[in-house]
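Enquirer: based on what follows, work out the 3D shape:
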Amino acid sequence: MASSPSPSFLLLSLFTLFSLLFSAYSSEEIENTPLTITLPLTPKFARKPSTDPVVFLQQLASASKSRAHLLKYGKTSPPPLKTPLYPMEYGGHTIPLSLGTPPQKLSYLVDTGSTVVWTPCTTHYQCINCTVSAKDVPFFEPQLSTSLTNLSCKNPICNTVCLRCKANSKNCPQVCTYYLQYGTGAEAGYYLLEDLHFPEKTIRNFIVGCTTIGLRETYIDGMAGFGRSMLSLPVQMRVKKFAYCLNSHYFDNTRNSSRLIFDYRDGDTIGLSYTPFLKNPPDSPDYYYLNVKNLMLGNKILPIPSKYLAPGSNAAGGLIIDSGFSFGYMAGPVYKIVTNELKKQMSKYRRLYASEEEYGLGPCYNFTGRKIEIPDLIYRFAGGTTMVVPGNRYFKFDTEPTGIGCFPVDTDDAKNLEFTPGPSIILGNYMQVNHYIEYDLKNNRFGFRQQNC
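Expert: This next block holds a predicted model:
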């Protein structure tokens, strides 16, 4: 075995090496070495800057805000994004969204019961058998945007959202198309990749539908799907949760807005009660199912069979929360149980059968000159949390605050006692008014509290 060199020998060798390296430079060369070095400095952009001076300034402002946030917060979650939320006369609530370069701002219905973000699109937009004329519908103009690209049928994303668009199929068109049904209406068009702008943030390559044909629609706005899908607005924004507080029962296009919040932070929100979302049945992957144990009317527990309260593997039964549904819905058997008890507790008021026929809602009562006493409707969730909807907030009044009042819940057929497919109960936006509602996507739970919005 060879012996190791001594430490003194290694030290001497290292000193000799440095001496040789230093002596390679003459004193003259050292004297002629410049004291400063000049390098070219060229402006660089993450993407090609816009030739529009206004858009260019917006790009610089957005980049500066992003840099400032990084320096201030490091890698912590960015602050929440807030956008105005407006009640509309047709029973929905809309937010403004700005798409494209330069941005085109349009209104979009907030719908937690669907998943696609789409807008009326192109100068050729048609609306067939609609209650509004196509010429009155604001639309997105793709030809005006410099940041737009079509989502190709051969893009792997398209294979997940378009059943007929298979990349290797002869039926694959040049663009990724869609056909969507909403109750009695429908939309058809193709997907785009576009920039979605907020004052504090820009989402690149956002997938949005360019709807060219509408069928039997009752509103003029686009749709912002918030459901549980890769195409929904909150999922594409990669937020951990979103929340809103609805402020109007009047359906009057008021400009008195509340706020919708996109939140990138994790954790509890102060003052909220939480209950977990249920696992979705395979046939209904997009809804938000709530883990409801029973319903109460006043202090009376309603004898609703459990099969109506939780979804089965065939997607029959269960309660979903849906911001795009106005009044709410109960399947025939559930509706009958609830309204039978309501009639008992409201027997001191005169029932208005003619109003029920006129409005398509019921039971209806005459409250003129009377003190209004309507029992609370209470949803009791897993974990012991309860959501209380006061009677004067879930009844629909013809003349506020007195006059004719009706129980505002739709049903398919109160005489049909069969167990039908689909959710048995839909908690619509009318009963959500004056509640702070949070969808915690990260922790798969639903949060709420009563408050004036």
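
Enquirer: that's a strand at Q236, yeah?
Expert: No - counting by DSSP: H, G, I helix; E, B strand; the rest coil, Q236 is not part of a strand but helix.

Enquirer: you'd agree it is up against R204?
Expert: No - using C-beta atoms under 8 Å, Q236 makes no contact with R204, being 10.5 Å away. Any C-beta I mention is one placed from the backbone N, CA and C, and that applies to glycine too.

Enquirer: more neighbours, the two?
Expert: Per other C-beta atoms under 10 Å, whichever of Q236 and R204 has more neighbours is Q236, with 18 against 11.

Enquirer: quick one, what contacts that one?
Expert: Shown in contact with Q236 (C-beta atoms under 8 Å, 6 or more residues apart in numbering): 117, 196, 203, 206-207, 230.

Enquirer: let's have these in JSON lines, adding secondary structure, distance to P87 and pLDDT.
Expert: Below are the contacts of Q236 laid out as JSON lines (DSSP: H, G, I helix; E, B strand; the rest coil; distance: C-beta to C-beta, whole Å; pLDDT from 0 to 100):
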{"residue": "V117", "secondary structure": "strand", "distance to P87": "20", "pLDDT": "97"}
{"residue": "L196", "secondary structure": "strand", "distance to P87": "23", "pLDDT": "97"}
{"residue": "I203", "secondary structure": "strand", "distance to P87": "26", "pLDDT": "95"}
{"residue": "F206", "secondary structure": "strand", "distance to P87": "26", "pLDDT": "97"}
{"residue": "I207", "secondary structure": "strand", "distance to P87": "28", "pLDDT": "96"}
{"residue": "M230", "secondary structure": "coil", "distance to P87": "29", "pLDDT": "93"}
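
Enquirer: make a PyMOL selection of the buried ones in the residues you listed.
Expert: The buried subset of the contacts of Q236, as determined by 16 or more other C-beta atoms under 10 Å, is captured in PyMOL by this line:
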select buried, resi 117+196+203+206+207
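
Enquirer: what's the most distant pair in the contacts of Q236?
Expert: Farthest apart among the contacts of Q236 by C-beta to C-beta are L196 and M230. That separation is 15.1 Å.

Enquirer: give the residue spans of the stretch 51-200 of the chain that score low on pLDDT.
Expert: For the stretch 51-200 of the chain, the stretches with pLDDT under 70 are 51-76, 163-173.

Enquirer: can you report how many residues neighbour the nearest residue to Y329 once chain neighbours are set aside?
Expert: Leaving aside its chain neighbours, Y329 sits nearest to I426 (3.9 Å; criterion: C-beta to C-beta, 6 or more residues apart in numbering). I426: 23 surrounding residues under other C-beta under 10 Å.

Enquirer: strand partners of the helix or strand harbouring I426, parallel vs antiparallel please.
Expert: Using DSSP states H and E, I426 maps to strand 425-427. Looking at strand 425-427 with DSSP bridges, its partner strands are strand 319-321 (parallel), strand 329-330 (antiparallel).

Enquirer: chain center to the last one: distance?
Expert: Spelled out, that is strand 329-330. Distance of strand 329-330 from the chain centroid (C-alpha atoms, centre = their mean, to the nearest Å) equals 22 Å.

Enquirer: next helix or strand past that strand?
Expert: helix 332-345.

Enquirer: give the other helices and strands that that next one contacts.
Expert: strand 292-297 (3 or more C-beta pairs under 8 Å, 6 or more residues apart in numbering; DSSP states H and E).
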